[in-house]
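J.: need the 3D shape of this:
(one chain, ligands or ions: 1)
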Amino acid sequence: MMADYTVRDQVAVIELDNPPVNALGSAVRAGIYDGIRKADRDPNIKAVVICGKRGTFCAGADIREFDGGKNGPWITDIGDFIDNMKKPVVAAIEGFALGGGLEVALFCHYRIALKTVRVGQPEVQIGLLPGGGGTIRLPRATGLKNALDIITTGNHVPAEKAAKMGIIDQIVTGDIIEEGIKFVKSKCNIDTSLVCLRMKTVKYSGDLDDISEAAMTKVKSKFKGAIAPIVCVKSVINSAKMPYEKGIDTEKEHFQDLRHSSQSKAMRYAFFAERAITRWQLPSGGNYKTAKPLPVKTSGVIGAGTMGGGIALCLITSGIPCILVEQNQQFLDKGLEIVKAQLMRTVQLGKLSTEQAKKCFTMLKPTTNIEDLKNVDLVIEAVYEDLKLKREIFEKLDRICKSETILCTNTSSLHIDSIATATKRQSKVVGTHFFAPSYIMKLLENIYGTKTSAETVATVMKLGKTIKKVPVLVGSCTGFVANRMLKPYSEEAQYCLEEGSTPSIVDTVLMDFGMPIGNFQVSDLSGLDIGFRIKREAARKAGVELSKNSRFFLGQRNCGLIEKLYEAGRMGKKNGKGWYKYESLNGKPIVDPEVTMLIEEHCRSLGIERRNIGSQEILERMQYAMINEGFKILEEGLCTMAEEIDVIWIYGFSWPKYMGGPMYYASQIGLKKIYEKVCYYHKTFPYSMHWVPSSLLAKLSQIDLPLSEWGDVAQGRKLVNKL
Ligand SMILES: CCCCCCC/C=C/C(=O)SCCNC(=O)CCNC(=O)[C@H](O)C(C)(C)COP(=O)(O)OP(=O)(O)OC[C@H]1O[C@@H](n2cnc3c(N)ncnc32)[C@H](O)[C@@H]1OP(=O)(O)O
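T.: Have a look, this model is predicted:
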């Protein structure tokens with residue numbers, strides 16, 4: 001049994017024991033169920049403590065079991081039994097009580113916790129609802145409003161807040177089992193039916209239908225396209241509408257429906273993908289197990305623009321003092337204003353108190369003297385994308401900084417070696433690519449160069465976690481993984497415009513799929529000048545002219561629309577005109593007939609015949625071109641597993657988690673179909689390099705291998721005999 005049963009001072013102590021997080025697998029559920037029945041039967045036992053081993057209570061149901069059909073008692077059987085017990089049962093919580101873990105605690109008559117505990121119902125984040133009575137019992141403990149908030153967001157609640165909400169009865173210090181025994185013995189004379197949550201009514205104020213409608217509207221706009229939050233609202237409202245038993249039965253039905261839904265399967269995949277990518281390895285052999293991160297107690301950021309300011313903010317709000325360097329006082333002052341404004345916003349959102357924000361700000365040391373960086377542990381360069389400038393900065397940093405300092409570049413496209421070779425410490429140079437807005441977006445694409453050491457990689461991977469990002473390690477190539485895959489995706493979007501579509505049609509197709517924002521809206525946000533400069537730089541490097549009127553550029557298909565918009569003074573949202581027009585800086589994109597005319601004129605002048613392009617074709621061309629690139633990336637060993645690509649798209653480009661990421665999506669469609677379509681488009685559009693089929697895709701399309709093994713095939717760790 002995966003729950004230990006011992007007796008101390010006439011109290012039965014049931015300790016959940018399932019490493020690493022005491023997940024409630026079927027054996028654990030059986031252990032708890034048997035334990036409480038044994039305690040109930042034994043006349044020498046006066047009370048029960050339920051707690052967990054290894055410093056944590058329980059992280060919920062064992063997510064891996066949801067795909068199989070493991071049996072064992074259903075979790076609410078435990079609750080039903082405790083509800084009828086005369087002997088008091090207390091949950092003694094340390095660490096986490098999440099999901100089914102909190103539900104077990106809510107079955108108990110009482111809950112005590114250490115101050116450091118976090119509780120929550122995070123099921124919605126894996127496309128589920130709390131199916132062990134959580135939607136019915138939590139509202140009875142804390143009222144409808146709090147329960148709706150906790151269950152629909154999945155956010156963790158710290159112990160003291162949970163105590164104020166009525167979820168925890170007492171915060172304790174010291175040994176949690178001793179405290180549990182002391183607490184529960186003091187309750188032996190109290191009638192358990194008086195404290196049993198089943199017997200309580202659900203508190204709320206106002207009209208239930210109004211509450212329900214408001215909650216539905218909120219989740220539909222906040223979690224667009226996701227089913228689970230909607231079902232969560234329904235079930236929580238049922239707690240106030242239905243008798244307890246009916247509420248529980250309905251909840252169980254909802255849970256089973258969600259458990260088998262494609263959305264939940266994709267989100268469960270994403271949960272484990274996010275953990276798998278922490279097991280990084282370098283081609284040289286260094287890996288997450290062997291490499292030790294260096295401490296980062298002080299940091300520096302060069303460049304106080306929107307990106308650099310946001311990075312500095314990530315550091316100081318995570319408790320790492322940061323020296324922010326700009327070339328002159330005017331730019332520095334501007335950067336500080338950006339940081340201040342973002343901090344204020346954090347306070348307005350309730351994420352930091354005014355005091356905390358003020359304290360953070362004192363950790364920022366602005367300067368115009370780069371020499372001030374000499375003693376910091378790590379520097380992140382975030383100046384604009386100019387190789388010459390970056391090399392100058394790295395050469396200077398190498399001279400100025402102590403020998404242990406790690407030098408990071410926030411380049412979004414340049415090879416790491418091309419920057420690292422400006423220094424005599426190539427093993428300490430690494431890419432740390434943040435995504436705009438850098439304070440908000442969770443992805444941190446860490447890029448190793450040929451000589452980057454495993455210790456340096458370990459340091460930036462750990463730093464990523466410390467500053468609450470999702471760090472993914474990738475190899476170096478133009479654009480790295482994220483932007484390299486984005487290129488064919490947005491090129492296909494532009495080709496669709498040339499062939500007959502419009503920015504708003506393309507964006508609507510993407511948003512209907514589940515992307516929070518369309519390709520052309522993103523382009524307007526980043527600024528059309530960025531796209532234009534990237535193309536101009538590529539032309540300069542190749543020693544050719546950039547021509548907006550040529551259908552070919554560097555031997556490839558070319559769409560000159562960006563150049564035309566740029567020349568027409570359309571810079572994007574920042575000047576109110578891009579692929580759309582905007583009435584204000586915060587305004588919504590409005591279809592601009594001028595752009596439609598510009599596109600039509602572009603087609604006329606180049607003799608391109610426009611046609612009706614269906615949404616399926618738009619989606620397929622953008623996504624399959626990018627997926628094909630993903631397979632090339634795997635093939636080239638720039639990622640070691642397909643999961644890395646999916647996590648990059650989820651956290652860098654807000655790919656809907658309930659679609660698992662592009663590689664997972666491809667696995668659901670079937671690689672055979674994807675490969676055939678890629679071949680078809682390659683034939684149709686022979687001048688687009690991105691349609692050249694990946695040989696790994698070709699290989700995998702012939703066999704049926706789970707996504708978790710694609711990286712192994714690519715790297716030759718798994719040999720496929722059939723081929
Ligand atoms: C079949 C019927 C059963 C009845 C069901 C009734 C309804 C109940 C449903 C649920 O409870 S669904 C699960 C809800 N719980 C969660 O979603 C919590 C998930 N875990 C986390 O958020 C985090 O792991 C943590 C607990 C906050 C700890 O974070 P930390 O960063 O410290 O560690 P991790 O790297 O995330 O995890 C360590 C290790 O543990 C694995 N793991 C964590 N939680 C679970 C789990 N609930 N089930 C299975 N495995 C879990 C995690 O995958 C890591 O292992 P590796 O993947 O690295 O091997």
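
J.: give me the domain ranges for the protein.
T.: Annotated domains of the chain cover 3-260, 299-480, 501-606, 623-714 [automatic domain parsing].

J.: let's have these in JSON lines, adding mean pLDDT and distance to the ligand.
T.: Just so you know, the C-beta spots here come from the backbone N, C-alpha and C atoms, and that holds for glycine as well. As requested, those are exported to JSON lines (pLDDT from 0 to 100; distance: least, Cβ to the nearest ligand atom, whole Å):
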{"stretch": "domain 3-260", "mean pLDDT": "97", "distance to the ligand": "2"}
{"stretch": "domain 299-480", "mean pLDDT": "95", "distance to the ligand": "8"}
{"stretch": "domain 501-606", "mean pLDDT": "91", "distance to the ligand": "21"}
{"stretch": "domain 623-714", "mean pLDDT": "97", "distance to the ligand": "11"}
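
J.: I'd like those domains as CSV, with mean neighbour count appended.
T.: What follows is those, written out as CSV (neighbours: other Cβ atoms under 10 Å):
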stretch, mean neighbour count
domain 3-260, 20
domain 299-480, 19
domain 501-606, 17
domain 623-714, 21
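
J.: redo those domains as TSV? Include distance to Ser284.
T.: Supplementary listing: the domains of the chain in TSV, determined by distance: least, Cβ to Cβ, whole Å:
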stretch	distance to Ser284
domain 3-260	29
domain 299-480	7
domain 501-606	29
domain 623-714	12
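
J.: what distance do you get for Arg111 to Glu636?
T.: From Arg111 across to Glu636, the span is 52 Å (Cβ to Cβ, to the nearest Å).

J.: hmm, I was thinking of Leu671
T.: According to Cβ to Cβ, Leu671 stands 18 Å off from Glu636.

J.: what secondary structure does the residue nearest to the spatial centre of the chain sit in?
T.: For the chain, Tyr651 is the residue whose C-alpha lies nearest the centre (Cα atoms, centre = their mean; 4.5 Å). Put simply, Tyr651 is helix when judged by DSSP: H, G, I helix; E, B strand; the rest coil.

J.: for it, list the residues it contacts.
T.: Tyr651 makes contact with Phe435, Met441, Lys442, Leu443, Lys469, Val470 under the criterion Cβ atoms under 8 Å, 6 or more residues apart in numbering.

J.: need the nearest residue in space to it, chain neighbours excluded.
T.: Counting by Cβ to Cβ, 6 or more residues apart in numbering, the nearest residue to Tyr651 once its immediate chain neighbours are dropped is Leu443, at 3.8 Å.

J.: enumerate every residue touching that neighbour.
T.: By Cβ under 8 Å, 6+ apart, Leu443 lies in contact with Phe434, Phe435, Lys469, Val470, Val472, Ala482, Val647, Ile648, Tyr651, Gly652.

J.: what's the distance between the fourth one and Lys289?
T.: Yep, that's Val470 we're talking about. Val470 is 20 Å from Lys289, where distance means Cβ to Cβ.

J.: picking that back up, and the residue nearest to Tyr651, what are its bridge partners?
T.: With DSSP bridges applied, the residues forming beta bridges to Leu443 are Val470.

J.: let me know the secondary structure of Glu445.
T.: Classification of Glu445 using three-state DSSP returns strand.

J.: for Tyr269, same thing?
T.: helix.

J.: I'd say it and Tyr665 touch.
T.: No - using Cβ atoms under 8 Å, Tyr269 makes no contact with Tyr665, being 10.4 Å away.

J.: how about the strands in the stretch 501-650 of the chain?
T.: For the stretch 501-650 of the chain, the strands defined by DSSP state E, counting those that start in this stretch occupy 552-553, 556-557.

J.: no more questions from me, cheers.
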